[in-house]
Structures are given as C-alpha cells and as structure tokens.
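> Attaching a predicted model along with its sequence, questions to come.
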Number of protein chains: 2
Amino acid sequence: MDAKHTHSEEWAEVTPDAARRLVTAAVAAFAERGYHATTTRDIAGRAGMSPAALYIHYRTKEELLYRISSVGHRLALDILRRERDRDGTPAERLARAVRAFVRWHAEHHTTARVVQYELGALGEEHYTEIVELRRDTDAAVRAIVEDGVATGDFDVPDVRGTTLAVLSLCIDVARWFNAEGKRTPDEVGELYADLVLRMVGHTG
Amino acid sequence: MDAKHTHSEEWAEVTPDAARRLVTAAVAAFAERGYHATTTRDIAGRAGMSPAALYIHYRTKEELLYRISSVGHRLALDILRRERDRDGTPAERLARAVRAFVRWHAEHHTTARVVQYELGALGEEHYTEIVELRRDTDAAVRAIVEDGVATGDFDVPDVRGTTLAVLSLCIDVARWFNAEGKRTPDEVGELYADLVLRMVGHTG
DNA sequence: CCACAGCCTAAGCGCTTGCTCAGCCCCAAG
DNA sequence: CTTGGGGCTGAGCAAGCGCTTAGGCTGTGG
C-alpha cells in the first residue's frame, strides 16, 4: 500500500491499464445502480470494450467487486491507522482520524458506497476476508477512544457502543453525500470531528 | 395510521391476507439479498404461492417495494412527529424521539433495511414521492433541535448539518443491527439518545 | 521474414428473469 | 341447480443475464 492516495491515483495499484479502466467503470456503475442491477455489458461498455474483454482481466463479475472492496477497505483502514499512530492528545488524534476518514468517504463517495454497501454481494470466502478488515477498522478507532478514556480526556460509559456509533456515523457519509450539494468534503470532515468529540465527552 | 405498531401488526393495513403475506415475504427476501437479487419466484415461494399469484395483488415487483417503502416511511415519520409534538423540554423530546426511532429501526431492522437502503430501486415517480416523506422526517427532527437552540438548552453551531448527522446515525442502525447480537433494541435506543444529547451540546 | 504471446471482438450458449394467460376451484347469490 | 367472479395454478414467452469460445489483430524477439 503506497503513500499517496490522491483522487486520480486511487487505483494506481491496479494494472494493466485495461484492468484499471474496468475497475473505475465498475465503481461508477455499482455506485449508481448497485451490484446486482449492473450488467457486465454495462461495465465493459463504460470501459470502452466488448463484454468478453472483462473476462481476460477478471474471472467473474464478483471478482471485480472483490478487488474494489479489498482496495477500498485497505485505503480506509490505512487512513485510520496512520492517525491512530501519530503523536498528540487522544482528542487531537480522534479528531484528525475522523476528519480524514470522513473526507475520504465524501471525496470518494462512489467508491465508498460500493465498499460499504455492497458487501453482501461478495462470495462467502471473499466476504469473510473483508469482514476481517472491518474488524481491524473498528479496533483502530476503539484504540484511540480507549486512550482518551485512560488519560481521562474522554467520558465514555460504553466504549464498544460508542466506537460502533462513531464508525457508523462516518461510514454513512458515503450514502448521503452528494458532490453537487453545498457541503465540501472538508466541511463535512470538520463538522463530524466536532460532533465525535462531543460524543466521547471531550470537554474543550 | 393506527396507534399500535407492534411487531405482529406492522402490516395490518395491508389487505387481503394474501397481499400481506406477500409483503412480509418480500421484506424478508429484500432485506436478506437486496431488491435486485430477489426473484418474484422467491417471494411467492416464501408466501406459499405460485409465482403467478403475486401479480393478482401487485402489478409489478417494484410496486411491492413501493408499498413496503411507503408504509415503512410513514411508520417511522409518525414516530418522530408524535415525540416532536409531546410536552417536555427539548432535551426530553429529542431523547424520546431518538429512543423510539432507533428502537423501531432495531426491532424492525429487516423492514428498515429495505425502507432505508433500497430506495434506489424505486421507479421515478414513486421515488420522488418517498423523497418527500424523507424531507418531512428531516424537518421533524430539525424542529426539535431548533426548539432546543431557541431555549438555550442546546449548543448547535450548524443545525442542518447536525440534524443530518443525527438522522444518519439513527438510520444506519438498520444496517448493522443484528437480532442475535448482544444489544437489545432498548439498549441501543438508550445509548443513542445519550449520544445525540451530547451531539447537540446539551449540558446535563 | 516468421513465431508467438497478449489483448481484444463477434457470436452465441444455456439459463434465469419478470411477467402473462388460459383455465380450474370454490363459494355466495339468484 | 346454475351462474359468476375472486383467488389461484401450470405452463411458458420474450428478453436479458453471466460467461465461453473461436479466431483476428498487433507488436516484439529471433
């Protein structure tokens, strides 16, 4: 997993070029209509190829979804882990983590939508693999919350429940965020960082 | 819209009996696999009928989804409006509204999942009709938040954004709630009411 | 020049989909 | 008993699905 995750380089690790074009086409289609309502012909068409070309790079349509889900989950997890491991007070680290995590979900809301809401379409083996990554995501946020409780900076009666709520809140940004709306990803990140600090009872 | 919305009477307004059996069968199937992955044969089978019987009560599969979505949205909206209009301080009213709204989403999480996450499969006319109900839902919560700001009980810099976040948080319960999990709907409602009061800066 | 591997397409196979239709059963009204 | 209509089924249609196959380009190494 590389350092830069800018918008244009989101799928840089997917090669060759044709395979990457298929991934971006599939993300657009899955986000718009959902996995099951998307046809392989639609994906191939958006990537400028014939339907058969898809099967040179991916064995099935589900494998395409798995690639997207796998890369997406790893990107999101890396964002949280990076902020968890940085210096600063628990409040600073939690605020930074939420800001970055929410910004990613807003900026890449099409990718995030597929990653977060199309899990159920994965095959059994792929699904259990992804669930593992989601447990790690939960653990990363919980670690920061627990640090804040230990130092006395946070007042959290139910750490697991609050962690779940924080993640749920941030993830759901992918569902409602609209690029044509009036809020920028930065603004949403800022608002949510403030709300989450309130949720953990940070008095500042 | 009637007073009681207990588990067994959720679809009491749908008649005749066969039409109601189809609705409950469709809710189960849509919640499990999603609208597009569910076949009319599966729905009819769960309701104990032949595939053709579905079309005596509903013109299309989409109309079944619309019925579910319409009834579900109205039930959820009524819960919020009832608490909005009751007596009490803004904090009490907001806490009660969140408790009841979250409890409904947890208890009826299969219905809620369909209602909240399968909107996109609705036809254009039905979709715009449902979006109207969702605007009303947002307005109901916002009214309570605004009351709290007016009385000085709440500290909310961004009313629209905070309202959006509160609703997003509550709605997402339908996605992750698991009936076999360790939290009861009541416990989740209690936790969430507390978290939401923190989000609106209620000092108590 | 040829050989060959990688990438691609046109055509289409087998199957499932949403939905239809002719006709049956059952029971209340005449 | 006859009539008629609502609720239902078995059979099946047209369309669209995921995916496969046979074969054609194109560029590189010998």
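Thanks, I have it.
> Select the longest helix from chain A.
What stands out as the longest helix in chain A, according to DSSP state H, is helix A:124-151.
> Following the chain onward from that helix, which element is next?
Once the chain leaves helix A:124-151, the next helix or strand it forms, by DSSP states H and E, is helix A:159-171.
> avg pLDDT for the next helix or strand after that next one?
In the C-terminal direction, the helix or strand that comes right after helix A:159-171 (DSSP H and E) is helix A:173-176. Mean per-residue pLDDT for helix A:173-176: 97.
> For helix A:173-176, list every residue counted as buried.
Residues of helix A:173-176 classed as buried: A:173-175 (neighbour count, 16 or more other CB atoms under 10 Å in any protein chain shown). For glycine as for every other residue, the C-beta is placed from the backbone atoms N, C-alpha and C.
> CSV for those, including distance to DNA strand C?
What follows is the buried residues of helix A:173-176, written out as CSV (distance: CB to the nearest atom of the strand, whole Å):
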residue, distance to DNA strand C
A:Val173, 31
A:Ala174, 26
A:Arg175, 24
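> ok, residues contacting stretch A:96-108?
The contact list for stretch A:96-108, computed with CB atoms under 8 Å, 6 or more residues apart in numbering or on different chains, reads A:5, A:7, A:10, A:72, A:75-76, A:79-80, A:82-84, A:86, A:88, A:112, A:116, A:140-141, A:144, A:166, A:170-171, A:173-174, A:177, A:183-186, A:188-190, A:192-193, A:196.
> just the angle between the longest helix of chain A and helix A:159-171, please?
120 degrees (axes from the mean of the first three to the mean of the last three CA atoms, to 10 degrees).
> A:Cys170 against A:Tyr192, yeah?
Yes: between A:Cys170 and A:Tyr192 a contact is recorded at 6.4 Å, counting by CB atoms under 8 Å.
> More neighbours: which of these two?
Between A:Cys170 and A:Tyr192, counted using other CB atoms under 10 Å in any protein chain shown, the more crowded position is A:Cys170 (32 against 25).
> burial count for the residue in chain A positioned nearest to chain B?
Proximity of chain A to chain B (CB to the nearest CB) peaks at A:His36, 3.6 Å away. Each residue near A:His36 was counted by other CB under 10 Å, and the total is 18.
> Likewise for the one 3 residues further on?
By the criterion of other CB under 10 Å, A:Thr39 has 13 neighbours.
> so how far is DNA strand C from it?
Going from A:Thr39 to DNA strand C by CB to the nearest atom of the strand, to the nearest Å gives 11 Å.
> Run through chain A and note the low-pLDDT ranges.
Scanning chain A for pLDDT under 70 picks out A:1-8.
> and if we set it to 90?
Across chain A, the ranges flagged by pLDDT under 90 are A:1-10, A:12-17, A:179-181, A:203-204.
> residue boundaries of the strands in it?
In chain A, no strands are defined using DSSP state E.
> Flag every residue of chain A that's near DNA strand D.
Within chain A, the positions lying close to DNA strand D (CB under 7 Å from any atom of the strand) are A:38-41, A:51-52, A:55, A:59-62.
> Reformat those as JSON lines; add distance to A:Val156.
Formatted as JSON lines, those follow (distance: CB to CB, whole Å):
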{"residue": "A:Thr38", "distance to A:Val156": "41"}
{"residue": "A:Thr39", "distance to A:Val156": "46"}
{"residue": "A:Thr40", "distance to A:Val156": "47"}
{"residue": "A:Arg41", "distance to A:Val156": "50"}
{"residue": "A:Pro51", "distance to A:Val156": "52"}
{"residue": "A:Ala52", "distance to A:Val156": "54"}
{"residue": "A:Tyr55", "distance to A:Val156": "50"}
{"residue": "A:Arg59", "distance to A:Val156": "45"}
{"residue": "A:Thr60", "distance to A:Val156": "43"}
{"residue": "A:Lys61", "distance to A:Val156": "42"}
{"residue": "A:Glu62", "distance to A:Val156": "39"}
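> Now flag whichever of those is closest to A:Arg135.
Of all the residues of chain A next to DNA strand D, A:Glu62 has the smallest distance to A:Arg135: 21.9 Å, by CB to CB.
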